[in-house]
Structures are given as structure tokens and as C-alpha cells.
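Colleague: just need the structure, nothing else, for what follows:
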Amino acid sequence: MEWPVNFKAGSCKTALIQVCPKEDVCHLFHLSSMISLPRVFICLLQHPKIIFVGVNISGDFWKLSRDFGILVKPLMEKVIDLGKFANEVLNSNQNWSLDGLVQHLFGKRILKSENIRISDWTKIPLSQEQENYAATDAYKILANRNIELLHQGTPHKTEDILILVEHNPVYTVGIRAKEYSADYENNLKQTGAEFYRTNRGGLVTFHGPGQLVAYPILNLKHFNPNVRWYVSQIEKTIIRTCGRLGLAAETSPLTGVWVGDKKICALGLQASRFITTHGLALNCDTDLTWFSHIVPCGIEGKGVTSLSIELKRNVTIEETLPLFLLSFSELFDCALCDYRKKDADSLIELIGKLK
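Modeller: As a prediction, the model looks like this:
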């Protein structure tokens, strides 16, 4: 937290709160013009999955209480004081400051300008120097926490990824690709689609416009280290998504999710050492004539359908996607954060950490 320096009696109102959820992100909440904290921000602070990590941060909560009238006790119950934790791990009785703890663990000092510390934190927008200053404490607290989790023997939890795409027309085959000859491949390419051989499960299928394709790249040890459980949760996610649109879908002894004897969602999943790859394809307003050139997933005598056909109206990916994400987050009991194209490098790095 930051607030302007007051050279008279008392302290000025809190102007800024820093929240650092991971090592490369710091959110700065500017409060100087607010009479009270927004309800959504209070709900964030009080959320049972939110914990507060810092050094001697109880005073910050009491200041928030004086400035904005929030209840302190529910927040104090979720505090992890790194100073106390360090004393337990190091068997010491130090009165740690954040700077001292950083110096002990990393052999470095936190270099922060005194001029920036006493600058005007109420101004909007903040200067780049102020933003960097405000983020420094939050970053170092998170870094300290990760180091101390390692001391505990608790591995740092890498993030899990859910990639969402809409492909150009493409046919793919799975690990039984040898069943498909070069002539078969060339014939499919003549339709104007691409063709790829992959290491997923399953046989030939089609991906293209109007189809919601999702590739969950998950470490199942963060959820349930059971591949059958994972497949079931993916199936339930699709069934719940369809249900939210008013369509009853179900599983069958065959792979995928079905409406009657027509497949509406194909699954081609793969897991290695509990890391999942490949995924699912849900037909929204897909041109199903592409499927007429293949036996989808090698299943004879069965058809293919889409949300648009079954609901007798145009159901787009844009309409379906929020319902799918909601269902996924419910079934996997997780929060989803949005990565855009500008975050591609970070996304690739996270995938690398999982693998």
C-alpha cells in the first residue's frame, strides 16, 4: 500500500493498493478518489481462496479499516507473515523487514528512491517511476513466498493452459495414422483442406470454421491424477455447455459427446506423465459437408451434427464460448485468466514449464 506523506499529525488516506498474483504481473488499484471501496474489490479481498502474503502487513489492514471502514478480522485470518514463517524455517527470532528478508534469501537489497516514496500518490496517472516503486514490494514478497515454499518441500505450481482456436479447414489423423495411405491424404487435400498426422488418440476427423476447438494443456496432478477422470470431466463440460443452450447431449460407449446417434463433439485426448495435450472440437455452426469425405473418428454408420442444426437456429462460437468457459471452470474447479495474442511468448513459456 502507498499513501502520501503527511508532515503534520496523522497519516493521509490510502491512495494505492498493489496486488501481485504472479511473478510477471502486478495490479495497481488507485483508491485516492474513492469514498469507499468498490463492493467487487471487497469481495476479492474476502474471497476464501485469496491469501495475503507479506511482512508485518497487519498494520496495512488496520489502515484500510480506518480509511474505508472494512472489517479487519476476516482478512487477518488469511495472512501469511513471511517474517514469522522465516523464523520458523530458520529457527531464529529476528524482527524481519522486507528488505532484510530479501537480503538474507537473495543476497540483494531493495533499492527504492526516497524521492519516489514521498511523492504524490494521489495523482492520476502515476509516473512510470511510481509504478515501478509500488510493484517492487509486491514482486519481492511473491518471490520470497516461492523460496519459502521450496524450503517447505512444496513445489511451485505452474499454470495450466486452455488454448481456444477456430481452425482453417484441416483433416487430422491420430496415432493409427498408418491406416491412411498417401493417396487418401492427397484426396482430402484436393478438397481445399490441409492434412496433418498427430500423436493424439482417435482416427480421422475434421476441424474448421464454425467449430469451437479447445486444447487443455493441464498437469493433472493439480486436479486429479487420473486420465479416466479427466476424460469424464471434458465430456461433462460439453454436456453442460449444450445444456445451457437448451440441448440435451450425452455420452455413449463410443468416444465423444452425442445427440442421439449423431456426434456433436469429437474428443482426441492424449496424456503423458499426467500432462494432457490435444483436446476437443464442438460443432457450433460448422459446414458439415466437410465430414462427407471421411468416416469421422472411424465410426461407421453414425452421423455428425451441430448446435445450429439441433437448435434450428444459428449458434455461433461467440455465443457458445462463454458458456463453455463457465462449464469448464465449474467442472475443473478453477479460475480462468485471459491471454491474448500479445501474450504468446509468455504462453509458450508456460507450456514449456508444464512439459
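Colleague: what about the helices in the stretch 1-150 of the chain?
Modeller: Taking DSSP state H, counting those that start in this stretch to define them, one finds helices in the stretch 1-150 of the chain at 39-46, 58-68, 73-76, 82-90, 98-106, 114-117, 128-152.
Colleague: can you name the next helix or strand after the last one?
Modeller: Just to be clear, that refers to helix 128-152. Of the helices and strands lying after helix 128-152 in sequence (DSSP states H and E), the nearest is strand 161-165.
Colleague: residues making contact with the very next helix or strand once past that next one?
Modeller: Scanning forward in sequence from strand 161-165 by DSSP H and E, the next helix or strand is strand 170-173. Outside strand 170-173, the residues within contact range by C-beta atoms under 8 Å, 6 or more residues apart in numbering are 179-180, 188, 193-198, 200, 203-208, 268, 293-294. C-beta coordinates here come from the backbone N, C-alpha and C atoms, glycine included.
Colleague: got a ChimeraX select line for the buried ones in those residues?
Modeller: Buried residues among the contacts of strand 170-173 (16 or more other C-beta atoms under 10 Å), as a ChimeraX selection:
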select :180,188,193,195,200,203,204,205,206,207,208,268,294
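Colleague: rewinding a little: and T251, which of the helices of the stretch 1-150 of the chain is closest to it?
Modeller: helix 39-46 (36.2 Å; C-beta to C-beta).
Colleague: now find how far off-centre the closest one is within its chain.
Modeller: Remark: helix 39-46 is offset 20 Å from the chain centroid, using C-alpha atoms, centre = their mean, to the nearest Å.
Colleague: and it, what does it pack onto?
Modeller: Packing contacts for helix 39-46, counted by 3 or more C-beta pairs under 8 Å, 6 or more residues apart in numbering; DSSP states H and E, involve helix 73-76.
Colleague: again, only this time at 10 Å
Modeller: If contacts are counted by 3 or more C-beta pairs under 10 Å, 6 or more residues apart in numbering; DSSP states H and E, helix 39-46 sits against strand 16-22, helix 58-68, helix 73-76.
Colleague: C284: how many residues sit nearby?
Modeller: By other C-beta atoms under 10 Å, 24 other residues sit near C284.
Colleague: buried residues, the longest strand that the chain contains. List them.
Modeller: In the chain, taking DSSP state E as the definition, the longest strand is strand 262-272. Residues 263-271 are the ones in strand 262-272 that count as buried (16+ other C-beta under 10 Å).
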